[in-house]
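Undergrad: Below: sequence and its predicted model.
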Amino acid sequence: MAHFPTPPLSADDLLVLLAVARSGRYTAAGEHLGLNHTTIARRIAALEAQLGGRVLTREEGVWELTPLGTRALTAAEDVERALGGLDTHDDARVEGLIRLSATDGFSGFVAAPAMAALQQRHPDVRLEIITGTRQASQQRAGADLEVVVGRPQVRRARAVHLADYALGLYASKDYLRRHPTPRTVEDLAGAPLVYFIESMLHVDSLDDARRAVPGMTDAVASTNVYVHVDATRGGAGFGLLPAFLADAHDDLVRVLPGIVEERLPYWLVARPEALRQPAVSAFLDALQERLTLVRPQLLGAPRVP
C-alpha cells in the first residue's frame, strides 16, 4: 500500500489555536481574528484531525491546552514570529491588546500610569482593565494577566511577587474634631469602620487586616477601595485604607500608626503563552518601572512634591 506524505499543518489553523490559547474563549479569539465562532470551531477541529488528538479541553468555562496543544502552540508561535518578520514597518514596533484583571487601587495607581508611559513608546499597544478584589482565578476568563492581593494558588500559570503595600487606619480631620482620637485599639470598640463588604470578601490577606480592628461596626462597606477613601474623607468613620491612596489627601489623618498597620503583597499571575507576547512583555517592563518609582508611597512614605 502506498503511503502519502502528511500535509504540513495549516498556518491559519495554528494561529487560531494561538488566539484561543491566549483568550481562553472562541468568541474572544474570533473577535481578535475577525472570524465567527463557527469558523474558529471548524479550524480547531481541522487541526485536531490532522494532529490525531485533542489540542484543547474545556475546564471551568474556558479552553485550556492539552499536552498535544501545548506542543502545537510552539509551532503556532513560530508562525506568528515568521509573519512578524515580514512586516515592512519598524522592527521595534510593538502592538496588540492586553487584558488585565486587577484591584481598583493597583489599576489606578500603578497599571494605568504604566500603560500611559508605555504608549508614548509604543502607541499601538492597548490595555483593557477589569477591576475587582478577588482571588486569582483558576480560569483565564479572557485575561492575559491578573494582579491579586496575597500569594495565589494556581495551576498551569506563573505567579510572581510584584510589591508590597501598607494598609492603615485613617479618619478625616473634620471627623476627629467631632470625635475623640483613639489612643489604643481598644478605643476603637464600637467605632464606625469603612472597609470591604465582609460577606463578599474572599481574600485572606484583606480578611486578616479586618481582624486587626476587632469590635468596630461597619458604617460604609463597598467592593471598591475608592469608595472607602471618599467615604472616609466625608466623615463616615475610620477607613482601613491603602497608604498610597489615603496619603494623597491632606484632609485625612493616619490613626494609630505603627499599631494598626498591615503589609500586604501584590502578586502577578500569568499563563506562559501570555508572557511570550511582545506587548505583554513590554507592559510588564513598564509596570516594573512604575513600581520602582512609587514603591516608597506603596509602603506609606511621604510623597515627594
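TA: Received, thanks. Numbering: from 1, shown residues only.
Undergrad: list the contacts for Val294?
TA: Val294 makes contact with 109-110, 244 under the criterion CB atoms under 8 Å, 6 or more residues apart in numbering. Glycine gets a C-beta too; all of them are placed from N, C-alpha and C.
Undergrad: hang on, Gly53 in a helix?
TA: No. Assessed with DSSP: H, G, I helix; E, B strand; the rest coil, Gly53 is coil; it does not lie in a helix.
Undergrad: Count residues in the vicinity of the nearest residue to it once chain neighbours are set aside, would you?
TA: Of all residues not flanking Gly53 in the chain, Leu68 sits nearest, at 4.7 Å (CB to CB, 6 or more residues apart in numbering). Counted with other CB atoms under 10 Å, residues neighbouring Leu68 total 16.
Undergrad: what residues are up against Leu68?
TA: When contacts are counted by CB under 8 Å, 6+ apart, Leu68 is found next to 51, 53-55.
Undergrad: By neighbours, which of the residues you listed wins?
TA: Val55 (25 neighbours).
Undergrad: After the top strand by length along the chain, which helix or strand is next?
TA: Ordering each strand of the chain by length in residues (DSSP state E) puts strand 158-172 first. Using DSSP states H and E, the helix or strand that follows strand 158-172 in sequence is helix 173-178.
Undergrad: Please state the offset of that following helix from the chain centre?
TA: Between the centre of helix 173-178 and the centre of its chain there are 36 Å (CA atoms, centre = their mean, to the nearest Å).
Undergrad: what's the answer for stretch 220-236, then?
TA: Using CA atoms, centre = their mean, the mean C-alpha position of stretch 220-236 is found 22 Å from that of the whole chain.
Undergrad: Go through that stretch and flag the buried ones.
TA: The neighbour-count check on stretch 220-236 (16 or more other CB atoms under 10 Å) flags 220-222, 225, 227-233, 235-236 as buried.
Undergrad: what do you get for stretch 291-305?
TA: Buried residues in stretch 291-305, defined by neighbour count with 16+ other CB under 10 Å: 291, 294, 297-298, 300.
Undergrad: Which of the contacts of Val294 sits closest to Leu162?
TA: Among the contacts of Val294, Val110 lies closest to Leu162 (CB to CB), at 8.4 Å.
Undergrad: Tell me, how many residues neighbour the closest one?
TA: Neighbourhood size, Val110 [other CB under 10 Å]: 24.
Undergrad: And it, how close does it get to Arg211?
TA: Going from Val110 to Arg211 by CB to CB, to the nearest Å gives 26 Å.
Undergrad: quick one, strands of the protein?
TA: 56-59, 62-65, 96-102, 125-131, 145-149, 158-172, 192-195, 217-221, 238-242, 252-255, 261-270.
Undergrad: Out of the ones you listed, which one sits most buried?
TA: strand 238-242 (a mean of 27; mean count of other CB atoms under 10 Å).
Undergrad: Take it, keep the C-alpha atoms, and write them as CSV.
TA: The C-alpha coordinates for strand 238-242 follow below in CSV (Å, rounded to 0.1, in the frame of the first residue of the first chain):
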residue,chain,number,x,y,z
PHE,A,238,-12.4,55.3,60.3
GLY,A,239,-11.2,53.9,56.9
LEU,A,240,-8.9,50.9,56.6
LEU,A,241,-7.1,52.3,53.5
PRO,A,242,-4.1,51.7,51.3
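Undergrad: Strand partners (parallel or antiparallel) of that strand?
TA: If you go by DSSP bridges, strand 238-242 pairs up with strand 158-172 (antiparallel), strand 192-195 (parallel).
Undergrad: So what touches it?
TA: With CB under 8 Å, 6+ apart, strand 238-242 has contacts from 105, 165-171, 175, 188, 191-195, 209-210, 213, 216, 225, 228-229, 231-232, 246, 252, 255, 260, 298.
Undergrad: Please compute how far it lies from its chain's middle.
TA: Relative to the mean C-alpha coordinate of its chain, strand 238-242 is positioned 22 Å out (CA atoms, centre = their mean).
Undergrad: same deal with stretch 33-46?
TA: That offset, for stretch 33-46, works out to 28 Å (CA atoms, centre = their mean).
Undergrad: Domain-wise, how is the chain divided?
TA: 11-86, 95-304 (the TED database).
Undergrad: pLDDT averaged over the longest one - what is it?
TA: In other words, domain 95-304. For domain 95-304, the mean per-residue pLDDT is 90.
Undergrad: cool, the shortest one as well?
TA: Mean pLDDT, domain 11-86: 83.
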